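In: this one's sequence-less:
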(Lines give C-alpha, C1' and ligand atoms only; values in the text may rest on other atoms or scores of the structure.)
Protein backbone atom coordinates (compact mmCIF):
# COMPACT_ATOMS: atom_id res chain seq x y z
CA UNK A 1 0.00 0.00 0.00
CA UNK A 2 1.29 3.47 -0.87
CA UNK A 3 2.48 5.65 1.99
CA UNK A 4 0.35 8.53 0.72
CA UNK A 5 -2.82 6.55 1.19
CA UNK A 6 -4.57 6.97 4.54
CA UNK A 7 -7.56 5.09 5.73
CA UNK A 8 -10.42 7.50 6.40
CA UNK A 9 -11.42 5.45 9.44
CA UNK A 10 -7.94 5.94 10.91
CA UNK A 11 -7.79 9.69 10.22
CA UNK A 12 -11.26 10.26 11.59
CA UNK A 13 -12.07 12.60 8.71
CA UNK A 14 -15.77 11.91 8.43
CA UNK A 15 -16.29 14.59 5.82
CA UNK A 16 -14.24 12.66 3.26
CA UNK A 17 -15.92 9.30 3.84
CA UNK A 18 -18.56 8.53 1.20
CA UNK A 19 -20.64 6.14 3.29
CA UNK A 20 -24.32 5.48 2.53
CA UNK A 21 -25.24 7.37 5.69
CA UNK A 22 -23.32 10.47 4.55
CA UNK A 23 -24.80 10.28 1.07
CA UNK A 24 -28.31 10.10 2.45
CA UNK A 25 -27.58 13.08 4.69
CA UNK A 26 -26.36 15.10 1.77
CA UNK A 27 -29.37 14.22 -0.35
CA UNK A 28 -31.75 15.14 2.47
CA UNK A 29 -29.99 18.42 3.16
CA UNK A 30 -32.48 20.12 0.88
CA UNK A 31 -32.22 22.99 -1.56
CA UNK A 32 -29.26 25.39 -1.24
CA UNK A 33 -28.62 28.82 -2.69
CA UNK A 34 -25.96 27.44 -5.01
CA UNK A 35 -28.57 25.20 -6.65
CA UNK A 36 -30.08 28.32 -8.23
CA UNK A 37 -26.84 29.29 -9.96
CA UNK A 38 -24.99 27.72 -12.85
CA UNK A 39 -21.20 27.43 -13.05
CA UNK A 40 -19.04 29.67 -15.24
CA UNK A 41 -15.87 28.58 -17.06
CA UNK A 42 -12.82 29.96 -15.27
CA UNK A 43 -11.05 30.84 -18.56
CA UNK A 44 -13.64 31.92 -21.15
CA UNK A 45 -16.28 32.97 -18.54
CA UNK A 46 -19.12 31.28 -20.44
CA UNK A 47 -21.92 29.80 -18.32
CA UNK A 48 -22.54 26.06 -18.35
CA UNK A 49 -25.74 26.50 -20.38
CA UNK A 50 -23.64 27.81 -23.29
CA UNK A 51 -20.32 26.06 -22.94
CA UNK A 52 -21.71 22.63 -22.08
CA UNK A 53 -20.87 20.50 -19.08
CA UNK A 54 -17.85 21.89 -17.22
CA UNK A 55 -14.91 19.88 -15.91
CA UNK A 56 -14.24 20.29 -12.20
CA UNK A 57 -10.51 20.80 -11.60
CA UNK A 58 -8.63 20.69 -8.29
CA UNK A 59 -9.11 23.88 -6.34
CA UNK A 60 -12.86 24.02 -7.13
CA UNK A 61 -12.16 25.49 -10.56
CA UNK A 62 -14.48 24.73 -13.50
CA UNK A 63 -13.21 24.65 -17.11
CA UNK A 64 -15.18 23.95 -20.27
CA UNK A 65 -14.15 21.27 -22.77
CA UNK A 66 -13.16 23.86 -25.41
CA UNK A 67 -10.70 25.62 -23.14
CA UNK A 68 -9.33 22.30 -21.93
CA UNK A 69 -8.77 21.21 -25.54
CA UNK A 70 -7.02 24.49 -26.34
CA UNK A 71 -4.71 23.91 -23.39
CA UNK A 72 -3.86 20.41 -24.63
CA UNK A 73 -3.24 21.74 -28.16
CA UNK A 74 -0.85 24.34 -26.80
CA UNK A 75 1.04 21.69 -24.86
CA UNK A 76 1.33 19.34 -27.84
CA UNK A 77 2.51 22.10 -30.15
CA UNK A 78 5.24 23.13 -27.74
CA UNK A 79 3.84 26.67 -27.55
CA UNK A 80 2.34 27.20 -24.13
CA UNK A 81 1.31 30.81 -24.85
CA UNK A 82 -0.61 32.30 -21.97
CA UNK A 83 -0.63 28.95 -20.17
CA UNK A 84 3.17 28.88 -19.78
CA UNK A 85 3.28 30.81 -16.51
CA UNK A 86 0.24 29.30 -14.88
CA UNK A 87 0.76 25.60 -15.55
CA UNK A 88 2.41 23.16 -13.17
CA UNK A 89 2.96 19.44 -13.18
CA UNK A 90 -0.12 17.40 -12.42
CA UNK A 91 1.21 14.63 -10.16
CA UNK A 92 0.49 11.12 -11.33
CA UNK A 93 -0.96 11.89 -14.79
CA UNK A 94 1.80 13.66 -16.70
CA UNK A 95 -0.60 16.62 -17.29
CA UNK A 96 -0.23 20.22 -16.20
CA UNK A 97 -2.55 22.21 -13.97
CA UNK A 98 -3.40 25.85 -13.49
CA UNK A 99 -1.63 27.27 -10.46
CA UNK A 100 -4.28 28.96 -8.35
CA UNK A 101 -1.74 30.62 -6.05
CA UNK A 102 -0.18 32.62 -8.87
CA UNK A 103 -3.61 33.73 -10.10
CA UNK A 104 -4.78 34.72 -6.63
CA UNK A 105 -7.83 32.50 -7.16
CA UNK A 106 -7.58 30.21 -4.18
CA UNK A 107 -11.12 30.97 -3.10
CA UNK A 108 -13.23 27.83 -2.77
CA UNK A 109 -15.99 29.05 -5.10
CA UNK A 110 -16.57 31.73 -7.71
CA UNK A 111 -18.55 34.64 -6.16
CA UNK A 112 -22.28 34.54 -6.82
CA UNK A 113 -22.18 37.86 -8.66
CA UNK A 114 -20.09 36.06 -11.29
CA UNK A 115 -22.67 33.29 -11.63
CA UNK A 116 -25.91 33.14 -13.56
CA UNK A 117 -29.31 32.16 -12.27
CA UNK A 118 -30.33 28.82 -13.74
CA UNK A 119 -33.26 28.92 -16.12
CA UNK A 120 -36.35 27.19 -14.82
CA UNK A 121 -37.51 23.87 -16.17
CA UNK A 122 -39.84 23.81 -19.16
CA UNK A 123 -42.70 22.59 -16.99
CA UNK A 124 -42.43 25.72 -14.88
CA UNK A 125 -42.24 28.00 -17.91
CA UNK A 126 -45.76 27.03 -18.94
CA UNK A 127 -47.10 28.40 -15.68
CA UNK A 128 -47.75 32.16 -15.33
CA UNK A 129 -44.45 33.82 -14.45
CA UNK A 130 -45.94 37.01 -13.01
CA UNK A 131 -49.13 37.41 -11.01
CA UNK A 132 -50.67 40.80 -11.64
CA UNK A 133 -53.18 40.22 -8.84
CA UNK A 134 -50.34 40.87 -6.41
CA UNK A 135 -50.15 44.43 -7.77
CA UNK A 136 -52.55 46.69 -5.79
CA UNK A 137 -55.24 48.67 -7.59
CA UNK A 138 -54.43 52.32 -8.42
CA UNK A 139 -56.40 53.73 -5.47
CA UNK A 140 -54.66 51.31 -3.10
CA UNK A 141 -51.27 52.16 -4.60
CA UNK A 142 -51.88 55.88 -4.18
CA UNK A 143 -53.05 55.37 -0.60
CA UNK A 144 -49.76 53.63 0.16
CA UNK A 145 -47.81 56.42 -1.52
CA UNK A 146 -49.73 58.97 0.56
CA UNK A 147 -48.18 57.50 3.70
CA UNK A 148 -44.68 58.39 2.50
CA UNK A 149 -45.07 61.24 -0.01
CA UNK A 150 -46.72 64.55 0.85
CA UNK A 151 -48.47 66.51 -1.90
CA UNK A 152 -47.94 65.76 -5.60
CA UNK A 153 -51.48 64.38 -5.89
CA UNK A 154 -51.53 64.45 -9.69
CA UNK A 155 -48.15 62.75 -9.99
CA UNK A 156 -49.08 59.99 -7.51
CA UNK A 157 -52.34 59.31 -9.32
CA UNK A 158 -50.65 59.22 -12.74
CA UNK A 159 -47.88 56.90 -11.56
CA UNK A 160 -50.35 54.55 -9.87
CA UNK A 161 -52.46 54.22 -13.02
CA UNK A 162 -49.43 53.84 -15.30
CA UNK A 163 -47.84 51.11 -13.17
CA UNK A 164 -51.11 49.22 -12.78
CA UNK A 165 -51.74 49.29 -16.55
CA UNK A 166 -48.16 48.28 -17.25
CA UNK A 167 -48.38 45.08 -15.22
CA UNK A 168 -51.80 44.30 -16.72
CA UNK A 169 -50.10 44.59 -20.09
CA UNK A 170 -47.38 42.14 -18.98
CA UNK A 171 -49.95 39.45 -18.25
CA UNK A 172 -52.36 40.26 -21.11
CA UNK A 173 -53.14 37.55 -23.66
CA UNK A 174 -52.06 38.76 -27.14
CA UNK A 175 -53.91 35.98 -28.95
CA UNK A 176 -56.88 38.25 -29.73
CA UNK A 177 -54.64 40.54 -31.78
CA UNK A 178 -54.82 43.47 -29.36
CA UNK A 179 -51.35 44.44 -28.13
CA UNK A 180 -51.13 47.01 -25.35
CA UNK A 181 -48.29 49.48 -25.72
CA UNK A 182 -45.85 50.29 -22.94
CA UNK A 183 -46.68 53.10 -20.51
CA UNK A 184 -43.21 54.52 -19.98
CA UNK A 185 -43.20 57.81 -18.07
CA UNK A 186 -41.38 61.13 -18.05
CA UNK A 187 -41.35 63.05 -14.75
CA UNK A 188 -40.66 66.79 -14.83
CA UNK A 189 -40.03 68.86 -11.75
CA UNK A 190 -37.56 71.12 -9.99
CA UNK A 191 -34.79 69.63 -7.89
CA UNK A 192 -35.95 68.27 -4.56
CA UNK A 193 -39.61 67.93 -5.61
CA UNK A 194 -39.62 64.15 -5.02
CA UNK A 195 -39.12 62.50 -8.44
CA UNK A 196 -36.57 59.90 -7.32
CA UNK A 197 -38.23 59.46 -3.94
CA UNK A 198 -41.56 58.64 -5.59
CA UNK A 199 -40.02 55.89 -7.72
CA UNK A 200 -38.02 54.44 -4.81
CA UNK A 201 -41.12 54.30 -2.63
CA UNK A 202 -43.15 52.72 -5.42
CA UNK A 203 -40.60 49.95 -6.06
CA UNK A 204 -40.37 49.18 -2.35
CA UNK A 205 -44.16 48.91 -2.01
CA UNK A 206 -44.45 46.66 -5.10
CA UNK A 207 -41.42 44.55 -4.13
CA UNK A 208 -40.01 44.57 -7.66
CA UNK A 209 -36.37 45.09 -8.70
CA UNK A 210 -35.44 48.74 -9.19
CA UNK A 211 -32.39 50.19 -10.93
CA UNK A 212 -31.60 53.89 -10.71
CA UNK A 213 -29.21 55.18 -13.36
CA UNK A 214 -27.79 58.62 -13.99
CA UNK A 215 -28.06 59.77 -17.59
CA UNK A 216 -25.06 62.08 -17.16
CA UNK A 217 -22.69 59.09 -17.12
CA UNK A 218 -24.09 57.51 -20.30
CA UNK A 219 -22.21 57.92 -23.57
CA UNK A 220 -22.40 56.51 -27.06
CA UNK A 221 -20.92 53.02 -27.47
CA UNK A 222 -17.16 53.17 -28.01
CA UNK A 223 -16.57 56.30 -25.94
CA UNK A 224 -15.42 56.75 -22.36
CA UNK A 225 -18.35 56.37 -19.98
CA UNK A 226 -21.12 53.88 -19.32
CA UNK A 227 -22.80 52.14 -22.24
CA UNK A 228 -26.58 51.95 -22.43
CA UNK A 229 -26.44 48.28 -21.42
CA UNK A 230 -25.09 49.27 -17.99
CA UNK A 231 -28.61 50.43 -17.07
CA UNK A 232 -30.00 46.91 -17.55
CA UNK A 233 -26.92 45.43 -15.87
CA UNK A 234 -27.80 47.38 -12.70
CA UNK A 235 -31.36 46.03 -12.86
CA UNK A 236 -30.03 42.48 -13.26
CA UNK A 237 -27.82 42.96 -10.19
CA UNK A 238 -30.83 44.27 -8.21
CA UNK A 239 -32.70 41.08 -9.19
CA UNK A 240 -29.84 38.89 -7.89
CA UNK A 241 -28.90 37.96 -11.47
CA UNK A 242 -32.35 36.41 -12.00
CA UNK A 243 -33.17 37.32 -15.62
CA UNK A 244 -36.88 36.51 -15.32
CA UNK A 245 -37.25 38.72 -12.24
CA UNK A 246 -35.29 41.55 -13.87
CA UNK A 247 -37.55 41.46 -16.94
CA UNK A 248 -40.46 42.57 -14.73
CA UNK A 249 -38.59 45.33 -12.92
CA UNK A 250 -38.50 49.12 -13.05
CA UNK A 251 -35.69 51.30 -14.40
CA UNK A 252 -35.48 54.95 -13.38
CA UNK A 253 -33.13 57.12 -15.45
CA UNK A 254 -32.45 60.36 -13.59
CA UNK A 255 -31.11 63.62 -15.04
CA UNK A 256 -32.62 62.73 -18.40
CA UNK A 257 -32.55 66.41 -19.38
CA UNK A 258 -28.74 66.24 -19.50
CA UNK A 259 -28.84 64.17 -22.71
CA UNK A 260 -30.70 66.84 -24.66
CA UNK A 261 -29.26 67.83 -28.03
CA UNK A 262 -26.36 70.22 -27.64
CA UNK A 263 -26.93 73.47 -29.46
CA UNK A 264 -24.25 75.16 -31.59
CA UNK A 265 -21.72 72.37 -31.30
CA UNK A 266 -19.24 71.36 -33.99
CA UNK A 267 -18.10 68.10 -32.34
CA UNK A 268 -19.84 64.74 -32.15
CA UNK A 269 -22.58 64.78 -29.51
CA UNK A 270 -21.61 61.51 -27.79
CA UNK A 271 -23.47 62.23 -24.53
CA UNK A 272 -26.55 63.94 -25.92
CA UNK A 273 -28.58 63.06 -28.99
CA UNK A 274 -26.53 59.90 -29.60
CA UNK A 275 -27.56 58.54 -26.18
CA UNK A 276 -31.21 59.29 -26.95
CA UNK A 277 -30.89 57.35 -30.21
CA UNK A 278 -29.38 54.33 -28.45
CA UNK A 279 -32.08 54.36 -25.77
CA UNK A 280 -34.89 54.07 -28.32
CA UNK A 281 -34.83 50.28 -28.81
CA UNK A 282 -34.38 49.65 -25.10
CA UNK A 283 -37.40 51.78 -24.20
CA UNK A 284 -39.57 50.10 -26.80
CA UNK A 285 -38.40 46.54 -26.10
CA UNK A 286 -35.37 44.65 -27.34
CA UNK A 287 -33.01 41.79 -26.53
CA UNK A 288 -30.06 43.38 -24.73
CA UNK A 289 -26.86 41.48 -24.01
CA UNK A 290 -25.51 42.64 -20.66
CA UNK A 291 -22.55 41.63 -18.46
CA UNK A 292 -23.24 39.78 -15.22
CA UNK A 293 -21.71 41.24 -12.08
CA UNK A 294 -20.09 44.17 -13.88
CA UNK A 295 -21.02 47.39 -15.63
CA UNK A 296 -18.61 46.91 -18.52
CA UNK A 297 -18.15 44.17 -21.10
CA UNK A 298 -14.88 42.29 -21.13
CA UNK A 299 -13.62 38.79 -21.77
CA UNK A 300 -13.55 37.88 -18.08
CA UNK A 301 -17.23 38.64 -17.41
CA UNK A 302 -20.08 36.26 -18.34
CA UNK A 303 -22.85 37.67 -20.54
CA UNK A 304 -26.58 37.08 -20.58
CA UNK A 305 -29.55 38.37 -22.59
CA UNK A 306 -32.37 40.43 -21.06
CA UNK A 307 -35.61 41.29 -22.88
CA UNK A 308 -36.70 44.85 -22.04
CA UNK A 309 -40.23 44.48 -23.44
CA UNK A 310 -41.83 44.15 -19.99
CA UNK A 311 -39.51 46.51 -18.12
CA UNK A 312 -41.13 49.78 -17.06
CA UNK A 313 -38.92 52.79 -17.81
CA UNK A 314 -39.41 56.02 -15.87
CA UNK A 315 -37.28 59.03 -16.80
CA UNK A 316 -36.96 62.15 -14.68
CA UNK A 317 -35.27 65.52 -14.88
CA UNK A 318 -35.43 69.09 -13.66
CA UNK A 319 -35.30 70.55 -17.20
CA UNK A 320 -33.91 74.00 -16.33
CA UNK A 321 -34.87 76.80 -18.72
CA UNK A 322 -37.87 74.76 -19.92
CA UNK A 323 -40.08 77.25 -18.07
CA UNK A 324 -38.89 80.06 -20.36
CA UNK A 325 -39.74 77.99 -23.43
CA UNK A 326 -43.26 77.36 -22.08
CA UNK A 327 -43.79 81.04 -21.20
CA UNK A 328 -42.69 82.16 -24.64
CA UNK A 329 -45.22 79.81 -26.25
CA UNK A 330 -48.03 80.86 -23.93
CA UNK A 331 -47.33 84.55 -24.42
CA UNK A 332 -47.25 84.41 -28.24
CA UNK A 333 -50.85 85.60 -28.37
CA UNK A 334 -49.98 88.73 -26.40
CA UNK A 335 -50.81 91.91 -28.34
CA UNK A 336 -53.40 94.62 -28.69
CA UNK A 337 -57.11 93.86 -28.76
CA UNK A 338 -59.97 92.44 -26.73
CA UNK A 339 -58.65 88.85 -26.93
CA UNK A 340 -55.06 89.76 -26.14
CA UNK A 341 -53.40 88.26 -23.09
CA UNK A 342 -51.09 90.11 -20.76
CA UNK A 343 -47.49 89.47 -21.69
CA UNK A 344 -46.51 88.74 -18.10
CA UNK A 345 -49.61 86.65 -17.32
CA UNK A 346 -47.55 83.51 -16.67
CA UNK A 347 -44.48 85.28 -15.32
CA UNK A 348 -45.22 84.49 -11.65
CA UNK A 349 -46.81 81.08 -12.17
CA UNK A 350 -44.75 78.68 -10.03
CA UNK A 351 -46.40 75.64 -11.61
CA UNK A 352 -45.57 76.62 -15.18
CA UNK A 353 -44.29 73.10 -15.97
CA UNK A 354 -47.87 71.81 -15.84
CA UNK A 355 -48.47 73.51 -19.24
CA UNK A 356 -45.68 71.56 -20.95
CA UNK A 357 -46.25 70.04 -24.38
CA UNK A 358 -44.22 67.72 -26.58
CA UNK A 359 -43.25 70.66 -28.76
CA UNK A 360 -41.72 72.41 -25.74
CA UNK A 361 -39.62 69.35 -24.97
CA UNK A 362 -38.52 69.12 -28.62
CA UNK A 363 -37.40 72.73 -28.49
CA UNK A 364 -35.51 71.94 -25.29
CA UNK A 365 -33.48 69.31 -27.14
CA UNK A 366 -35.29 65.97 -26.83
CA UNK A 367 -35.75 64.18 -30.16
CA UNK A 368 -39.30 63.24 -31.28
CA UNK A 369 -38.54 59.49 -31.43
CA UNK A 370 -37.46 59.55 -27.79
CA UNK A 371 -40.52 61.48 -26.61
CA UNK A 372 -42.78 59.11 -28.56
CA UNK A 373 -41.59 56.24 -26.37
CA UNK A 374 -42.47 58.18 -23.19
CA UNK A 375 -46.22 58.70 -23.72
CA UNK A 376 -47.00 59.74 -20.13
CA UNK A 377 -45.58 63.13 -19.13
CA UNK A 378 -46.19 64.25 -15.54
CA UNK A 379 -45.08 67.57 -14.06
CA UNK A 380 -44.44 67.67 -10.32
CA UNK A 381 -45.44 70.77 -8.39
CA UNK A 382 -42.74 72.93 -6.81
CA UNK A 383 -42.74 72.81 -3.02
CA UNK A 384 -44.03 75.74 -0.99
CA UNK A 385 -43.58 76.53 2.70
CA UNK A 386 -46.79 74.73 3.70
CA UNK A 387 -45.70 71.53 1.93
CA UNK A 388 -42.25 71.78 3.52
CA UNK A 389 -43.89 71.91 6.93
CA UNK A 390 -45.97 68.81 6.16
CA UNK A 391 -42.92 66.94 4.83
CA UNK A 392 -41.20 67.55 8.15
CA UNK A 393 -43.77 65.75 10.29
CA UNK A 394 -46.43 63.82 8.30
CA UNK A 395 -44.72 60.98 6.32
CA UNK A 396 -44.03 57.64 7.99
CA UNK A 397 -40.30 58.24 7.69
CA UNK A 398 -40.39 61.99 8.23
CA UNK A 399 -37.05 63.65 8.91
CA UNK A 400 -37.84 64.61 12.51
CA UNK A 401 -39.03 61.04 13.18
CA UNK A 402 -35.67 59.77 12.01
CA UNK A 403 -33.83 61.98 14.51
CA UNK A 404 -36.31 61.08 17.24
CA UNK A 405 -35.50 57.43 16.63
CA UNK A 406 -31.76 58.13 16.77
CA UNK A 407 -32.07 59.83 20.17
CA UNK A 408 -34.51 57.21 21.42
CA UNK A 409 -31.67 54.71 21.12
CA UNK A 410 -29.94 56.79 23.83
CA UNK A 411 -33.23 56.83 25.80
CA UNK A 412 -33.71 60.54 25.12
CA UNK A 413 -36.93 62.09 23.86
CA UNK A 414 -36.63 64.68 21.08
CA UNK A 415 -39.37 67.28 20.63
CA UNK A 416 -39.88 70.16 18.18
CA UNK A 417 -41.95 73.27 18.83
CA UNK A 418 -44.40 74.22 16.08
CA UNK A 419 -42.72 77.60 15.67
CA UNK A 420 -39.37 75.85 15.28
CA UNK A 421 -40.71 73.69 12.45
CA UNK A 422 -41.98 76.82 10.68
CA UNK A 423 -38.52 78.36 10.92
CA UNK A 424 -36.97 75.22 9.40
CA UNK A 425 -39.48 75.26 6.52
CA UNK A 426 -38.80 78.95 5.87
CA UNK A 427 -35.03 78.42 5.84
CA UNK A 428 -35.47 75.47 3.44
CA UNK A 429 -37.42 77.61 0.98
CA UNK A 430 -34.59 80.16 0.95
CA UNK A 431 -32.09 77.48 -0.15
CA UNK A 432 -34.18 76.64 -3.26
CA UNK A 433 -33.10 72.99 -3.28
CA UNK A 434 -36.46 71.46 -2.42
CA UNK A 435 -36.95 68.88 0.31
CA UNK A 436 -33.22 68.12 0.36
CA UNK A 437 -32.68 71.41 2.18
CA UNK A 438 -34.70 70.23 5.19
CA UNK A 439 -32.21 67.56 6.20
CA UNK A 440 -29.20 69.84 5.75
CA UNK A 441 -30.77 72.49 7.99
CA UNK A 442 -31.76 70.03 10.72
CA UNK A 443 -28.36 68.35 10.53
CA UNK A 444 -26.68 71.71 11.07
CA UNK A 445 -28.56 72.43 14.30
CA UNK A 446 -28.65 68.84 15.57
CA UNK A 447 -24.90 68.25 15.30
CA UNK A 448 -24.03 69.79 18.68
CA UNK A 449 -26.99 68.11 20.36
CA UNK A 450 -26.10 64.67 18.96
CA UNK A 451 -22.52 65.25 20.13
CA UNK A 452 -23.32 66.35 23.69
CA UNK A 453 -26.19 64.03 24.62
CA UNK A 454 -24.18 60.78 24.91
CA UNK A 455 -21.96 62.54 27.50
CA UNK A 456 -24.71 62.80 30.10
CA UNK A 457 -26.95 59.86 31.01
CA UNK A 458 -29.20 62.14 33.10
CA UNK A 459 -30.74 63.90 30.07
CA UNK A 460 -34.34 62.81 29.58
CA UNK A 461 -35.60 65.01 26.73
CA UNK A 462 -34.53 67.80 24.40
CA UNK A 463 -36.90 70.35 22.86
CA UNK A 464 -35.84 72.31 19.78
CA UNK A 465 -37.09 75.88 20.11
CA UNK A 466 -37.54 78.77 17.71
CA UNK A 467 -34.95 80.76 19.64
CA UNK A 468 -32.34 78.03 19.17
CA UNK A 469 -32.86 78.01 15.39
CA UNK A 470 -32.65 81.81 15.25
CA UNK A 471 -29.46 81.80 17.37
CA UNK A 472 -31.10 83.83 20.15
CA UNK A 473 -31.33 81.01 22.68
CA UNK A 474 -30.78 77.32 23.20
CA UNK A 475 -32.77 74.08 23.29
CA UNK A 476 -34.74 73.11 26.39
CA UNK A 477 -33.22 70.13 28.17
CA UNK A 478 -35.10 68.09 30.77
CA UNK A 479 -33.15 65.92 33.20
CA UNK A 480 -34.53 62.60 34.38
CA UNK A 481 -36.62 63.11 37.53
CA UNK A 482 -35.78 66.85 37.57
CA UNK A 483 -37.01 70.07 36.06
CA UNK A 484 -36.11 71.96 32.93
CA UNK A 485 -32.58 73.03 32.15
CA UNK A 486 -32.08 75.77 29.54
CA UNK A 487 -29.44 74.81 26.95
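Out: Yep, that arrived. These figures come from a predicted structure and were not determined experimentally.

In: show me the helices in the stretch 201-350 of the chain, by range?
Out: Remark: helices assigned in the stretch 201-350 of the chain by DSSP state H, counting those that start in this stretch are 229-238, 243-246, 273-284, 322-330.

In: columns distance to residue 176 and mean neighbour count on top of the ones you listed, output as JSON lines?
Out: For the C-beta atoms, the positions are set from N, CA and C on the backbone; glycine is no exception. Converted to JSON lines, these look like this (distance: least, Cβ to Cβ, whole Å; neighbours: other Cβ atoms under 10 Å):
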{"stretch": "helix 229-238", "distance to residue 176": "30", "mean neighbour count": "23"}
{"stretch": "helix 243-246", "distance to residue 176": "25", "mean neighbour count": "20"}
{"stretch": "helix 273-284", "distance to residue 176": "22", "mean neighbour count": "19"}
{"stretch": "helix 322-330", "distance to residue 176": "41", "mean neighbour count": "17"}
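
In: residue 358 - nearest residue in space that isn't next to it in sequence?
Out: residue 371 (5.4 Å; Cβ to Cβ, 6 or more residues apart in numbering).

In: export the helices of the stretch 201-350 of the chain to a markdown table and tack on distance to residue 388 and mean pLDDT?
Out: Shown next, in a markdown table, are the helices of the stretch 201-350 of the chain (distance: least, Cβ to Cβ, whole Å; pLDDT from 0 to 100):
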| stretch | distance to residue 388 | mean pLDDT |
| --- | --- | --- |
| helix 229-238 | 31 | 87 |
| helix 243-246 | 37 | 88 |
| helix 273-284 | 34 | 86 |
| helix 322-330 | 21 | 87 |
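
In: can you say which of the ones you listed is nearest to residue 69?
Out: helix 243-246 (29.3 Å; Cβ to Cβ).

In: what packs against that closest one?
Out: Contacts defined by 3 or more Cβ pairs under 8 Å, 6 or more residues apart in numbering; DSSP states H and E place helix 243-246 against strand 116-117, helix 229-238, strand 303-307.

In: follow-up on the earlier one: which one of the helices of the stretch 201-350 of the chain lies nearest to residue 365?
Out: Comparing those by Cβ to Cβ, helix 273-284 comes nearest, at 7.8 Å.

In: out of the helices of the stretch 201-350 of the chain, the one nearest residue 65 is which?
Out: Comparing those under Cβ to Cβ, the one sitting nearest is helix 243-246, at 24.9 Å.

In: what's the residue nearest to residue 358 in contact with, if anything?
Out: Taking Cβ atoms under 8 Å, 6 or more residues apart in numbering, we find residue 371 in contact with 186, 358, 361, 362.

In: tell me the contacts of the nearest residue to the first one once chain neighbours are set aside?
Out: Excluding its sequence neighbours, the residue lying closest to residue 186 (Cβ to Cβ, 6+ apart) is residue 374, at 4.2 Å. Counting by Cβ under 8 Å, 6+ apart, residue 374 makes contact with 184, 185, 186, 283, 313, 315.

In: and if we set it to 10 Å?
Out: Residues near residue 374 by Cβ atoms under 10 Å, 6 or more residues apart in numbering: 182-187, 256, 283, 313-315, 358, 361, 366.

In: narrow these to those that are buried.
Out: If you count burial by 16 or more other Cβ atoms under 10 Å, the buried members of these come out as 182-187, 256, 283, 313-315, 361, 366.

In: export these to CSV and append columns for distance to residue 159.
Out: CSV is the format used below for those (distance: Cβ to Cβ, whole Å):
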residue, distance to residue 159
182, 15
183, 10
184, 12
185, 7
186, 12
187, 8
256, 16
283, 17
313, 13
314, 8
315, 13
361, 19
366, 20
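
In: state the mean pLDDT of stretch 381-391.
Out: Average pLDDT, stretch 381-391: 89.

In: now residue 363: closest residue in space, sequence neighbours ignored.
Out: The shortest distance from residue 363 to any non-neighbouring residue, by Cβ to Cβ, 6+ apart, is to residue 325 (5.3 Å).
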